[in-house]
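Undergrad: Structure for the following, please:
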Amino acid sequence: MPHGLFGDLVIVYAIALGIVIAAGRIGIPPIIALIVAGALSGPSGFRIIETPEEVDQLAEIGIVLLLFTVGLEIPMRELRRIWRPVVFGGALQVGGTAALAGAIASLAGVSTRAAVFIGLFLALSSTAIVLKELGRHNRLDSAPGRITTGVLLFQDLAVVLLLLAAPILAGSVDMSALPLVLGRAALALVAILAVGRLALPALFRLVTACGQREAFPLAVLVGSVGTAALGASLGVSMALGAFLAGLVLAGSEFSHQAHAEVRPLRDLLTSLFFVSLGMLLDGPAFVRSLPLVAAISIAAVLLKILAAGAALAASGTPLRVAAIAALCLAQVGEFSFVLGRDALRLGVLPPEVWQLLLPASILTMLVAPTLVSFAPQLAERLHVGTGGTDADATSAKAGHVLILGFGVGGRLVATALREFAIPYHIIDLNGATVREARASGEPISYGDVTAPDTLMASGLANARAVVVVVSDPDAAMRVVRTAGRLAPSVPAIVRARYRMEAARLQEAGAIAVAEELEASLEVVAQLLAGLDVPGNIIQVIVEDYRRREAMPVLRTPAPPRVTLSQISPDVLSAPVATHQIQEGDWAVGRTLQELNLRATTGVNVLAVRRAGRSWTSPPPDLALAPGDVLYLLGDDSDVLLARARLAQG
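TA: Now for the predicted structure:
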């Protein structure tokens, strides 16, 4: 390879770096920045690289490594759990989008084979952009996030079949020789799977046994590119061979380390692929056809939204979830360019069609972050929801607690309520979770918790409280607002991930608990306990930190200092804590006078409740018994000290 190419690549990478940094400041995805860098560096730009064929060779290795890591990342367990919307919804989405786009392209005068490739080109979406945006908005674990991720993984799997079928679709294979071609492809797949299952794990075990840190990344590179080369020698694409090798290796103990080792090189060389795409872009032609390119881009986005939404709804996905997922899938993906470049190389796509398709696809990727960000709000504006829940939900009794979401948090809440014989009803949107919970006897229904009809059918108006433990922050906010409108007297307690998110929920009327804050406080408590700080001191410190570190809107207002003439009206609104005496507590059998809580802890005992009887001004000679409930007035730190004295003396 000429030495001059490396110098040119340094200049190209420098241009790309500058554009990526500038684009990142305004929220433009790096893929688009790389394509723009290629357009500026290529024959229609500054002509830094006039013949991009040599760049294509390096870019090909980048695609091989990209597909190898995609195979490593596919979570088969998650796919099995949500297989119905993934398989049926993904197949309908890819097939429906390809059919509609292909039909429109055919009506526009494009040849049948080119129309087929155009349809398949537009059917794929960007895994890199969508997953990054979902993660940034804390929606990967939400119901729309899981469905969107599943469909994206299905598309990644479909790319493999499309790359295998590309020569056949292009008509470059003699139909009389088709059985021979398919036979060679089957042989190649068997050979690649055998290498991935047997040879690669053996290679990695040998490498790890030698104890040389530098050997493992070399083994990953040799294994991935070598398997891809084996596939190419047997008649399938290098990308297909690399993907299958990664897919087989994903179940081994080496998958995480292999991904970590190959990712930096993959990102470096994959960026060359997008740069090489930009070099194919004809700048003057793009400027001349800008109105047509914009029209194609808008049409592609609308078509993908309609096709994906209809496909997911037909597969049983609730309408709100289907609408949000469809908006997330509305752009063209990076693997579309892999397929399009093959179609261009095979002579199926005319250059003039490619010069319209490529910039239009870039524009769809440009609007992707905005669509992902505002998808929940757009779905809400369209009044998309689910009209009700299972029939069993209507049988919920008055005085129950509604638990919305049945993950780890929902199960803990249900367990606690069950121990105190408090009735509850659960609503969840995951069909598999609902079936499993019902089989174990849980009072659970399938439904979209953001739909007003679902909440009312579940007895919201007669509930004692609503506990929201869903992983979708937008859905949680919508539940709080809906519940506040339909049943303003029912308190809503919400789990949030971040403090700012909890603050917004609190402003909307909920009692919000931020995981970010509570987990950090638990870390502090465990640290201090390990350093032999006394437990009662830790409790006071943690409560003090909780008050200081929580957002102002989350802080419990301290009782105001009042004069004697004001005590009577104000004490009714002051925060009062309750404490139940347990069997074996130090306070059992002792009188309030003996406890002397006012002098020792600063807490006043306002009342005592025992077996249905209450003392609003308990006498000092009242001896406490197990089961007594004390009503305590005092600061949070004083209450914590009183609890410790009652339990341990």
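
Undergrad: For residue 137, grab the count of nearby residues.
TA: 18 (other CB atoms under 10 Å). From N, CA and C alone the C-beta is placed, and that goes for glycine too.

Undergrad: For it, give me its contacts.
TA: For residue 137, the contact set (CB atoms under 8 Å, 6 or more residues apart in numbering) comprises 372, 373, 473.

Undergrad: Not including adjacent chain positions, what is the nearest residue to the first one?
TA: Okay, so that is residue 372. Spatially, and ignoring its direct neighbours in sequence, residue 372 is nearest to residue 133 (4.0 Å; CB to CB, 6 or more residues apart in numbering).

Undergrad: give the contact list for that neighbour.
TA: Contacts for residue 133 were tallied using CB under 8 Å, 6+ apart; they are 328, 368, 369, 372, 373.

Undergrad: can we see that at 7 Å?
TA: 369, 372, 373 (CB atoms under 7 Å, 6 or more residues apart in numbering).

Undergrad: Out of the residues you listed, which comes closest to residue 148?
TA: residue 372 (8.8 Å; CB to CB).

Undergrad: State the helix or strand in which that closest one lies.
TA: Secondary structure from DSSP states H and E places residue 372 in helix 351-381.

Undergrad: ok, then the element right after that helix?
TA: Following helix 351-381 in sequence, per DSSP H and E, is strand 401-404.

Undergrad: what's next to that following strand, contact-wise?
TA: Against strand 401-404 from outside (CB under 7 Å, 6+ apart): 410, 413-414, 417, 422, 424-427, 449, 458, 460, 463-470, 479.

Undergrad: domain assignment for this structure?
TA: 3-381, 391-496, 564-648 (automatic domain parsing).

Undergrad: for those, which one sits closest to residue 516?
TA: domain 391-496 (8.2 Å).

Undergrad: Run through the residues that contact the spatially closest residue to residue 337 that is not a sequence neighbour.
TA: In this structure, residue 337 finds its nearest non-sequential neighbour in residue 277, 5.4 Å apart by CB to CB, 6+ apart. By CB under 7 Å, 6+ apart, the contact list for residue 277 reads 35, 38, 337, 358.

Undergrad: any chance of those residues in TSV, with distance to residue 117 and secondary structure too?
TA: Listed next are the contacts of residue 277 as TSV, based on distance: CB to CB, whole Å; DSSP: H, G, I helix; E, B strand; the rest coil:
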residue	distance to residue 117	secondary structure
35	19	helix
38	22	helix
337	12	helix
358	13	helix
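
Undergrad: Out of the domains of the chain, the one nearest residue 507 is which?
TA: Across the domains of the chain, closest to residue 507 is domain 391-496 (CB to CB), at 9.7 Å.

Undergrad: mind checking how far the closest one is from the chain centre?
TA: 22 Å (CA atoms, centre = their mean, to the nearest Å).

Undergrad: Just the pLDDT for the residue nearest to residue 372.
TA: Here the pLDDT value assigned to residue 133 is 83.

Undergrad: Look up the residues forming beta bridges with residue 512.
TA: Beta bridges link residue 512 to residue 494, judged by DSSP bridges.

Undergrad: Just the buried ones among the contacts of strand 401-404, please.
TA: Buried members of those, counted by 16 or more other CB atoms under 10 Å: 410, 413-414, 417, 424-427, 449, 458, 460, 463, 465-470, 479.

Undergrad: Just the ones of those residues in strands?
TA: Residues of the buried ones among the contacts of strand 401-404 located in strands (DSSP state E): 424, 425, 426, 427, 465, 466, 467, 468.

Undergrad: my guess is the third one meets residue 443, correct?
TA: Yes - here residue 426 reaches residue 443: they are 6.4 Å apart, a contact under CB atoms under 7 Å.

Undergrad: just checking, next helix/strand downstream of the longest strand seen in the chain?
TA: Determined from DSSP E, the single longest strand within the chain is strand 604-610. Tracing the chain past strand 604-610, the next element assigned as helix or strand by DSSP H and E is strand 613-615.

Undergrad: Quick check: can you name the pairing partners of that following strand and their directions?
TA: Strand 613-615 is paired, per DSSP bridges, with strand 604-610 (antiparallel).

Undergrad: Outside of the strand it pairs with itself, list whatever touches it.
TA: By CB under 7 Å, 6+ apart, strand 604-610 touches 576, 592, 597-598, 614-616, 618, 622, 625, 627-634.

Undergrad: likewise stretch 227-246?
TA: Under CB under 7 Å, 6+ apart, the answer for stretch 227-246 is 60, 63-64, 67-72, 160, 163-164, 184-185, 187-189, 191-193, 195-196, 200, 223-224, 338.

Undergrad: Could you identify the helix or strand that succeeds the helix-or-strand element of the chain with minimal mean pLDDT?
TA: Sorting the helices and strands of the chain by mean pLDDT, DSSP states H and E puts helix 567-570 at the bottom, at a mean of 46. On the C-terminal side of helix 567-570, the closest following helix or strand by DSSP H and E is strand 576-580.

Undergrad: And the next helix or strand past that following strand?
TA: Next along from strand 576-580, by DSSP H and E: helix 592-595.

Undergrad: who touches that following helix?
TA: 587, 605, 618, 620, 621, 622.

Undergrad: Neighbours of the fifth one, how many?
TA: To tie it back to what came earlier, the one meant is residue 621. 9.

Undergrad: The one 5 residues further on too?
TA: Number of residues near residue 626 (other CB under 10 Å) recorded here: 14.

Undergrad: Tell me how far it lies from residue 578.
TA: Per CB to CB, to the nearest Å, residue 626 is found 15 Å from residue 578.

Undergrad: what's the answer for residue 427, then?
TA: Distance from residue 427 to residue 578, by CB to CB: 29 Å.

Undergrad: if we can go back for a sec, compare the contacts of residue 133 and tell me which has the most neighbours.
TA: Neighbour max across the contacts of residue 133 (other CB under 10 Å) = residue 372, 27 neighbours.

Undergrad: hey, C-alpha coordinates of stretch 29-46 in CSV?
TA: This file holds the C-alpha atoms of stretch 29-46, laid out as CSV (Å, rounded to 0.1, in the frame of the first residue of the first chain):
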residue,chain,number,x,y,z
PRO,A,29,-25.0,11.8,15.1
PRO,A,30,-21.3,11.0,14.4
ILE,A,31,-22.3,8.7,11.4
ILE,A,32,-23.6,11.8,9.5
ALA,A,33,-20.5,13.7,10.4
LEU,A,34,-18.3,11.0,9.0
ILE,A,35,-20.3,10.9,5.8
VAL,A,36,-19.9,14.7,5.4
ALA,A,37,-16.2,14.3,6.1
GLY,A,38,-16.0,11.8,3.3
ALA,A,39,-17.9,14.1,0.9
LEU,A,40,-15.5,16.9,1.7
SER,A,41,-12.4,14.7,1.2
GLY,A,42,-13.6,12.8,-1.9
PRO,A,43,-13.6,13.5,-5.6
SER,A,44,-16.5,16.0,-5.4
GLY,A,45,-14.9,17.8,-2.5
PHE,A,46,-11.3,18.8,-1.8
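
Undergrad: now that stretch: mean pLDDT?
TA: On average, stretch 29-46 scores 81.

Undergrad: And that stretch, what's buried?
TA: Buried residues in stretch 29-46 (16+ other CB under 10 Å): 29-45.
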